[in-house]
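> Quick one: sequence plus predicted model below, questions after.
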Amino acid sequence: MSLPALTCRSSNGFYIFGPEKAVVRDNSVKRKNNEYYKWNNEGTLLAWSDSEKVSIFSMQDDLTFLFEFQRPRVIDVQFSPRSSYLCTFEPFGITNSNKNNIAVFSTECKKLLSTFTQGQIENWKFQFSQDEGIACRFVKDFVLMFENGDFTQVKHKISIPGVCSVALLQRSPNHVAIYIGGSKKGTPCVVKILRYPPVDQFSALSSKSFYKADKVTLHWSPMGCGLVIKAMTEVDKSGKGYYGETMLFYVSTDGSSSVIEVNKPGPIFDVQWSPASNEFCIVYGHMPSKACLFNSKCNSIFDFGTGLRTACSFTPQGHLLALYGHGNVRSNVEIWHRDTFGLIATVDFNDITFFEWSPCGERFILATLSPTLRVDNKWSVYDYKGQVVMSHNSLSDFQHDVEFFQVSWQGALPDVYPVGSIEFTPISLQQVKTAQATEQRYVPPHLRNQQSKKNIVLDVNDLPENERAAALNQSSHGKGSYAGGKGTSGGGDGNSVVFRSNNVHDVDGQQEEKSKKNRIKNIEKKLKDIRQLKEKQKSGQNLDKDVTQKIQREDELRKELEQLKV
């Protein structure tokens, strides 16, 4: 099976690189940053927009022109999941030609279906179900639902004052999650999960109320079991943080909700669901930040230790996880194996502005792109073992400085590339941190003769949880980890690194006890609600199917409560 191709748009031209580095297409026409291209999910169609039109190409052995839409000033393009529809966005203008700045085209009939108006580019994209039977669009205080490709008529409208965002579950049943912002008078923020179809905004499957949120992002589980809520404030009134506060909540479709508790203070950098299971990874805390894997019950599965990380990314198959620092966070890209929690490789790449896994799950691309950084643009392709497959630098590969605007993989459906066999020798993060701690640095000449061996003490919490016991055992026997070497700039050799426990057992125990108490409190509240529902049922009141399911969970909740209180 051939690997997916790679496309690159730069000021020097447009290129398509085949699996074996060959350039399939070289368009040497000078390119500008106002152009844009987008692959569809299957990787069979490519949409190219310039300042005059949007062109659609078919990708077989080479790009073949199919048709075009006369749509000027398009800056963003969206394909529907099955590529039946193409949506475009243009900057809003007061002239008649730019009032209807969102357009929906049919790629089968090759015609314009409908146009819409929106001032800001934020939240302009439609949210489609997997079968394209439902399309959802958010407008201020309204959620508009379209069905069966009819974008001229609104099938359902959710009208709730204060609605700020919406998230449609792609798989069936296509539930709708909405976020309603709080008011300055003390009304809390609310996230509701509504059943669709039909939409009943007054009867939610589940909801979660909270305070202190200026912005909220909603992250649906690919399996549809629940929703992770990331709530952020612009200002931290306590004065502990510069970037405000961040909180995480989990809401299930069965009516339960909980707070996702993390054991390190600081911002929440990233939240990503695994595409293959009901697990999600969180990168959080002040630098060096931590990364943890959680299940749908909000219990920590594995702690990856600390590092200079601000983002995480799963492969499309969910068997590998990448942890890396974005932008000016200079860090190594770490590749972890999900099943064994082994560190496969680390990659040194500075100024990462773009990261993407290949659809095959065996390669990934790292890039520094313009206009985020206009100098030292570069991109490289690595395999999962950290070996360079392909690399291009704007200065070394061309006679003049070239700006790379865009780079991406050719799309492919998930079932095209199944999970392959992964062969690797695990790397110890303890060795990596030991090498970093004993890295030789510049020493002034008048201090070089005064250098001596140093004992460097590190916190064992910085290591993954599967390496902590070995590090503590090694340190308790006085062995330590040694690194370093002779060098004129180092001024010493043989520095020893010892890992010590900074009350790791106490911290973990307190955190576990706190989570246990919160879970007991949550279950007792559910049992109280069930008793009230049973009283209503005895009085002859008709209850919904979802309410009946909550009552049926009484025995399960009582058993769990007994286990927690043991």
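That came in fine, so what should we check first?

> I'd like to know which helix or strand in the protein has the lowest mean pLDDT.
strand 481-483 (a mean of 42; mean pLDDT, DSSP states H and E).

> Strands of the stretch 201-350 of the chain, residue ranges please.
Assigned by DSSP state E, counting those that start in this stretch, the strands in the stretch 201-350 of the chain fall at 206-210, 215-220, 226-232, 246-252, 257-259, 268-273, 279-284, 289-295, 300-307, 311-314, 320-324, 332-337, 342-348.

> in its sheet, what does the shortest one sit against?
Put plainly, it is strand 257-259. Using DSSP bridges, the strands paired with strand 257-259 are strand 246-252 (antiparallel).

> what about the strand it pairs with, average pLDDT?
The average of the pLDDT scores along strand 246-252 is 91.

> Who are the contact partners of the nearest residue to S313 once chain neighbours are set aside?
Closest residue to S313 apart from its sequence neighbours, by C-beta to C-beta, 6 or more residues apart in numbering: A322 at 4.7 Å. For glycine as for every other residue, the C-beta is placed from the backbone atoms N, C-alpha and C. By C-beta atoms under 8 Å, 6 or more residues apart in numbering, the contact set of A322 is 312-314, 333-336, 355, 357, 364.

> One more: V139?
Q118.

> hmm, 10 Å instead?
By C-beta atoms under 10 Å, 6 or more residues apart in numbering, the residues touching V139 are 116-118, 123, 157, 163, 166.

> same thing with S129?
With contacts defined as C-beta under 10 Å, 6+ apart, S129 is in contact with 80-81, 135-136, 147, 168-174, 196.

> 7 Å instead, please
168, 170, 174 (C-beta atoms under 7 Å, 6 or more residues apart in numbering).

> closest to Y382 among these?
Closest approach to Y382 among the contacts of S129 (C-beta to C-beta): Q170, at 29.9 Å.

> Please tell me the pLDDT value assigned to the closest one.
Value for Q170, per-residue pLDDT: 89.

> count of residues packed around the nearest residue to it once chain neighbours are set aside?
What sits nearest to Q170 in space, not counting adjacent residues and going by C-beta to C-beta, 6+ apart, is Q130, at 4.9 Å. If you count neighbours by other C-beta atoms under 10 Å, Q130 ends up with 14.

> now G43
17.

> Touching, it and Q410? I think so.
Yes. Under the criterion of C-beta atoms under 7 Å, G43 is in contact with Q410, at a separation of 4.3 Å.

> residues shared between the contacts of these two?
Listed as contacting both G43 and Q410 by C-beta under 7 Å, 6+ apart are 4, 59.

> one step back: so how far is P222 from the residue nearest to Q170?
To P222, Q130 is 11 Å away according to C-beta to C-beta, to the nearest Å.

> repeat for L320
16 Å.

> Same drill for those two, tell me which one is more crowded.
Counted by other C-beta under 10 Å, L320 and P222 do not tie: L320 has more neighbours, with 22 against 17.

> What ranges in the stretch 451-566 of the chain fall below the confidence cut-off?
451-457, 474-512, 546 (pLDDT under 70).

> Excluding chain neighbours, what is closest to L366?
Using C-beta to C-beta, 6+ apart and skipping residues adjacent in sequence, the residue nearest L366 is F349, 4.6 Å away.

> ok now do the one you found, which residues does it touch?
Counted by C-beta under 7 Å, 6+ apart, F349 has contacts 333, 366, 380.

> F302 too?
292-293, 341, 465.

> how about 10 Å then?
279, 281, 291-294, 321, 336, 338, 341, 464-466.

> Closest to A5 out of those residues?
L321 (24.7 Å).

> What's opposite the closest one in the beta bridge?
Beta-bridge partners of L321, as defined by DSSP bridges: F314, W336.

> doesn't W336 make contact with it?
Yes. The criterion here is C-beta atoms under 10 Å, and L321 meets it with W336 at 4.6 Å.

> intersection of neighbour lists for the two?
Here L321 and W336 have 281, 291, 293, 302, 304, 312, 344 as joint contacts, going by C-beta under 10 Å, 6+ apart.

> need the residues you listed in CSV with distance to G181, can you?
Formatted as CSV, the shared contacts of L321 and W336 follow (distance: C-beta to C-beta, whole Å):
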residue, distance to G181
C281, 27
A291, 30
L293, 31
F302, 35
F304, 34
C312, 28
I344, 42
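
> Spell out, range by range, the helices that occur in the stretch 351-500 of the chain.
Using DSSP state H, counting those that start in this stretch, the helices found in the stretch 351-500 of the chain span residues 429-437, 445-448, 465-476.

> Geometric centre of the protein: which residue is closest?
Nearest to the geometric centre of the chain sits Q272, at 3.9 Å (C-alpha atoms, centre = their mean).

> check contacts around it.
Q272 touches 219, 228, 279-283, 311-314, 321-322, counting by C-beta under 10 Å, 6+ apart.

> Roughly how far does it sit from T315?
11 Å.

> Quickly list what's touching both of those two.
By C-beta under 10 Å, 6+ apart, Q272 and T315 have these common neighbours: 321-322.

> Determine the three-state secondary structure at T548.
Using DSSP: H, G, I helix; E, B strand; the rest coil, the three-state assignment for T548 comes out as helix.

> ok, now which ones touch it?
Applying C-beta under 10 Å, 6+ apart, the residues near T548 are 533, 537.

> Could you list the low-confidence segments of the stretch 1-150 of the chain?
Within the stretch 1-150 of the chain, the ranges that satisfy pLDDT under 70 run 1, 19-34, 61, 94-98.

> where do the strands sit along it?
Secondary structure of the stretch 1-150 of the chain (DSSP E, counting those that start in this stretch): strands at 6-10, 13-17, 23-27, 36-39, 45-49, 54-59, 63-69, 76-79, 85-89, 102-106, 111-116, 127-128, 134-139, 142-147.
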